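Student: The following comprises the amino acid sequence and a computationally predicted model.
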Amino acid sequence: MEFNVEWFSPNLGTPIVSLAEYGIVFNKASIVALDSPHSIKLGFDRENKYIIVVGVTESEATDESIIFGSKERNGYIRINNKDFVRFVLRYCPEIKLEKAKRFLSRKEGEFLVVDLNSPADINENEDTVEHE
């Protein structure tokens, strides 16, 4: 029998990515899921409402890359990028950012998928995303 197991690390917790008006914050578990890359590229899947993040090495970095690894402070990385947040919110008007919203993320191949349909704070679920 073959299993596709993803082991939980109690030291890291769940990969969480927060979206705020100023940009995006990655917790330690999401940084580790990306293998602590030098830089990242950000993408957005409009249909599924996923932010897609991929890590790139220093030699792979381009003008589209954002410096990542060297920004880690106290186990978090904050990427200031209001333009990307505005772009995402254009397609997700149901997300209100009076305060930062935390979303569950998962590793799929080389990508970290931030599911904007899955708020990390269950009690904020109804305030964050409308259900169809």
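Tutor: It's in.

Student: Any idea which helix or strand in the protein has the lowest mean pLDDT?
Tutor: helix 125-128 (a mean of 42; mean pLDDT, DSSP states H and E).

Student: next one: the longest helix anywhere in the chain to chain centre, how far?
Tutor: Looking across the chain with DSSP state H, the single longest helix is helix 82-91. Mean C-alpha position of helix 82-91 versus that of the full chain (CA atoms, centre = their mean, to the nearest Å) differs by 14 Å.

Student: and what of stretch 2-11?
Tutor: 20 Å.

Student: Repeat that for stretch 50-63.
Tutor: The answer for stretch 50-63 is 13 Å, by CA atoms, centre = their mean.

Student: What are the neighbouring residues in contact with the most centrally placed residue in the chain?
Tutor: Residue closest to the average C-alpha location in the chain (CA atoms, centre = their mean): Val17, at 3.9 Å. Val17 makes contacts with 24-27, 30, 51, 53, 102-103, 105, 112, 114, as judged by CB atoms under 8 Å, 6 or more residues apart in numbering. The way it works is simple: take the backbone N, C-alpha and C, and place the C-beta from them, glycine included.

Student: what helix or strand does the nearest residue to Phe87 once chain neighbours are set aside sit in?
Tutor: Residue nearest to Phe87 in three dimensions, not counting chain neighbours: Phe44, with 6.7 Å by CB to CB, 6 or more residues apart in numbering. Per DSSP states H and E, Phe44 falls inside strand 39-45.
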